[in-house]
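**Student:** Pasting the sequence and the predicted model now:
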Amino acid sequence: MKERNKMIDILRALAVLIMILTHSLVPYLSQPHLYKLWDLIHFAVPMFVFCSGYIFYAGADKLKKIRYVPYILKRVYRLMIPYYIYAFAYIIFVSWTGGLTVTPAYMLSVITATGGIDISWLVLLFLFFSLLTPLYLKVHTNRLVRWGYLSIAVITSALLLFLNPSMSYKWYMWIPWSIPFIYGYVFIQYQTKKGYLWKSSVLLAVLFVASYILRLQLHRSTQLFNNKYPPTLLYISHGLLWINLICAIVQNIKLPSVVTVLASFLSRFSYSLFFIHYFIILVASHMGLPRKLHWFVFALCITISSLGVQWAGSFVFRRRKA
């Protein structure tokens with residue numbers, strides 16, 4: 001069995017838990033302190049993207065030998081099947097509860113992951129990453145491409161502090177989202193260098209503060225959620241700062257075995273848990289549970305039930321496979 005990267009497992013596991021908490025807090029956003037907490041913890045997606053980039057570049061030498069078409073088709077299959085299962089369940093449930101009218105245009109947007117379901121944007125983002133595999137491999141092998149493309153991505157995210165393009169963000173979001181993806185490569189190259197984490201964190205903090213001040217001067221929103229679609233430099237620098245902080249902690253503490261086992265489980269099934277927890281929240285909200293439960297209890301119930309469904313599903317799958 002291939003040895004797992006504990007740091008990446010911890011990052012992905014935390015991203016899963018933060019993701020579940022973020023979505024579980026949505027029914028409670030009328031409470032100001034919870035709204036602030038909800039906005040502050042918007043760094044799960046940068047962590048997911050960073051982990052994907054780290055794993056991609058850690059195995060980039062092997063990827064040079066693959067055939068692109070079969071590789072991309074395999075990636076598309078692994079991304080779309082869970083999404084289509086969720087989309088089918090979502091459409092059935094929301095139609096049954098009377099909150100959705102299905103039209104051909106709606107179905108087309110769902111099938112192509114370009115709309116219809118609000119979480120489809122993340123599926124589309126990772127589809128872009130898969131289709132752009134040759135470009136990201138060039139980042140690994142060609143210094144000019146690497147720093148040139150990273151510069152374009154950073155400039156794009158900086159321009160988004162000023163601009164609000166009229167076209168749908170879904171068609172160009174992959175450019176600024178490439179920053180945490182390529183940061184995975186940068187991290188691999190420099191993580192063993194003395195002082196790298198704190199030096200890069202200082203730079204990221206400067207970018208964050210400068211972006212925050214600039215948004216204030218422009219009378220634009222400084223809330224992280226409002227800087228996410230598409231991600232501005234404010235949002236990206238915030239996410240990368242959290243990644244550096246967590247990596248610094250993980251590298252300097254010894255975690256109990258039970259934590260690493262749980263982290264491995266959450267990491268391996270992070271993509272399916274993305275859909276599972278969202279559907280459970282959908283059903284629970286329809287039942288009115290957020291009105292009856294304290295926010296912490298609601299979030300805990302969503303977390304436990306999501307992990308339970310995932311564990312049961314993986315157990316049944318292993319039994320059938322055996």
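**Tutor:** Received the coordinates, thanks.
**Student:** Name the residues of stretch 97-116 that are buried.
**Tutor:** When burial is assessed from 16 or more other Cβ atoms under 10 Å, stretch 97-116 yields the following buried residues: 110, 113, 115-116. Placement of C-beta: from N, CA and C, glycine included.
**Student:** what does that stretch rub up against?
**Tutor:** Around stretch 97-116, the neighbours that count as contacts under Cβ atoms under 8 Å, 6 or more residues apart in numbering are 80, 83, 87, 91, 94-95, 117, 120-121, 123-124, 127, 168, 170, 286.
**Student:** ok, now with 6 Å
**Tutor:** 87, 94, 117, 120, 123-124, 286 (Cβ atoms under 6 Å, 6 or more residues apart in numbering).
**Student:** first to last residue in that stretch, what's the distance?
**Tutor:** 17 Å (Cα to Cα, to the nearest Å).
**Student:** chain center to that stretch: distance?
**Tutor:** Here stretch 97-116 is found 23 Å from its chain centre; the criterion is Cα atoms, centre = their mean, to the nearest Å.
**Student:** So for it, mean pLDDT?
**Tutor:** Summarised as a single mean, pLDDT over stretch 97-116 is 89.
**Student:** where does this protein have low pLDDT?
**Tutor:** For the chain, applying pLDDT under 70 flags the ranges 1-2, 319-322.
**Student:** Just the element for the one residue sitting closest to the centre of it, please.
**Tutor:** By Cα atoms, centre = their mean, the chain has its centre lying nearest to Val45, at 2.4 Å. Per DSSP states H and E, Val45 falls inside helix 44-58.
**Student:** Could you list the residues in contact with that helix?
**Tutor:** 8, 11-12, 15, 18-19, 140, 177, 180-181, 183-185, 188, 239, 243.
**Student:** Now restrict these to buried residues only.
**Tutor:** 8, 11-12, 15, 18-19, 140, 177, 180-181, 183-185, 188, 239, 243.
**Student:** Okay, and which of those map to helices?
**Tutor:** 8, 11-12, 15, 18-19, 140, 177, 180-181, 183-185, 188, 239, 243 (DSSP state H).
**Student:** Check the contacts of stretch 97-116 against Asn227 and report the nearest one.
**Tutor:** Leu124 (19.1 Å; Cβ to Cβ).
**Student:** Contacts for the strand or helix carrying the closest one, please.
**Tutor:** Using DSSP H and E, Leu124 sits in helix 120-131. Helix 120-131 is contacted by residues 72, 75, 79, 83, 113, 170, 174, 177 when judged by Cβ under 6 Å, 6+ apart.
**Student:** redo that, cut-off 7 Å
**Tutor:** Under the contact criterion Cβ atoms under 7 Å, 6 or more residues apart in numbering, helix 120-131 has outside partners 45, 52, 72, 75-76, 79, 83, 110, 113-114, 170, 173-174, 177, 181.
**Student:** Now do the closest residue to Leu245 other than its chain neighbours: how many residues are near it, please.
**Tutor:** Once flanking residues are discounted, Leu245 sits nearest to Ser201: 7.3 Å by Cβ to Cβ, 6 or more residues apart in numbering. Neighbourhood size, Ser201 [other Cβ atoms under 10 Å]: 17.
**Student:** How much space separates Ser201 from Tyr183?
**Tutor:** Using Cβ to Cβ, to the nearest Å, Ser201 is found at 12 Å from Tyr183.
**Student:** before we move on, what about Phe317?
**Tutor:** Taking Cβ to Cβ, one finds Phe317 at 33 Å from Tyr183.
**Student:** what's the neighbour count on Tyr169?
**Tutor:** Counted with other Cβ under 10 Å, Tyr169 comes out at 15.
**Student:** hang on, I meant Cys51
**Tutor:** Going by other Cβ under 10 Å, the residues that sit close to Cys51 add up to 24.
**Student:** hang on, the earlier thing: what remains of the contacts of stretch 97-116 if I keep only buried residues?
**Tutor:** 87, 94, 117, 120, 123-124.
**Student:** Which members of those residues are the farthest-apart pair?
**Tutor:** Val94 and Leu124 (20.0 Å).
**Student:** what angle do the helix holding Leu124 and helix 44-58 make?
**Tutor:** 10 degrees (axes from the mean of the first three to the mean of the last three Cα atoms, to 10 degrees).
**Student:** buried sites along stretch 282-293?
**Tutor:** Neighbour-count burial for stretch 282-293 [16+ other Cβ under 10 Å]: 282, 284, 289-290, 293.
**Student:** So what's the gap between that stretch and the chain middle?
**Tutor:** The answer for stretch 282-293 is 25 Å, by Cα atoms, centre = their mean.
**Student:** circling back to that earlier point, the residue nearest to Leu245 contacts Asn244, correct?
**Tutor:** Yes - here Ser201 reaches Asn244: they are 4.7 Å apart, a contact under Cβ atoms under 7 Å.
**Student:** circling back: if we take the contacts of helix 120-131, which one ends up nearest to Tyr271?
**Tutor:** Leu79 (7.9 Å).
**Student:** Could you look up the SS state of that closest one?
**Tutor:** State at Leu79, reduced to three classes by DSSP: H, G, I helix; E, B strand; the rest coil: helix.
**Student:** This completes my enquiry, with thanks.
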